[in-house]
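Asks: Give the three-dimensional model of this entry:
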Amino acid sequence: QVQLVESGGGLVQAGGSLRLSCAASGRTFTNYAMGWFRQAPGKEREFVAAISVSGALTRYADSVKGRFTISRDNARNTVYLQMNSLKPEDTAVYYCAARLRALSSFNDYDYWGQGTQVTVSS
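Replies: Sure thing, here's the model as predicted:
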């Protein structure tokens, strides 16, 4: 089992920034690629960003490319999502997820956190 706990969500004005954190515990963090997904009210959960086990590879949804940055600190068992130039359409619950071995942009992750709310006001 891998337990994932997100933090760092909140209310921010359009154009502002937030950094989300996801702390992992349980199985060996360095065996897992990590991803961030989000779900807005009335919409399906969608991929935001993913990072490989080593951190060398990253992948982003087109909607956040150039504004969001995913990173990980394997010594701290933590993955981050730096979100800049936030827009009202970024409002959603953001979920952290862990996938054994390879990163993915699909909902095929093995473990999920409970989510953290991000609200961007216009």
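Asks: who touches stretch 4-22?
Replies: Outside stretch 4-22, the residues that touch it by C-beta atoms under 8 Å, 6 or more residues apart in numbering are 23-25, 34, 36, 78-88, 94-98, 111-122. All C-beta atoms are positioned from the backbone trio N, CA, C, and that covers glycine.
Asks: Could you list the buried residues of whatever helix or strand Gly35 lives in?
Replies: According to DSSP states H and E, Gly35 maps onto strand 32-39. Residues of strand 32-39 classed as buried by neighbour count (16 or more other C-beta atoms under 10 Å): 32-38.
Asks: what pairs with that strand, and is each one parallel or antiparallel?
Replies: Paired with strand 32-39 in the same sheet, following DSSP bridges, are strand 46-51 (antiparallel), strand 92-100 (antiparallel).
Asks: residues in contact with Phe37?
Replies: 45-48, 94-95, 97, 107.
Asks: Check it and give its pLDDT.
Replies: As predicted, Phe37 sits at a pLDDT of 98.
Asks: who's it bridged to?
Replies: Going by DSSP bridges, Phe37 forms beta bridges with Phe47, Tyr95.
Asks: ok, and the closest non-adjacent residue to the residue nearest the centre of the chain?
Replies: Compute the mean C-alpha point of the chain, and by C-alpha atoms, centre = their mean the closest residue is Trp36, 2.5 Å away. Of all residues not flanking Trp36 in the chain, Val48 sits nearest, at 4.3 Å (C-beta to C-beta, 6 or more residues apart in numbering).
Asks: Great, nothing more from me.
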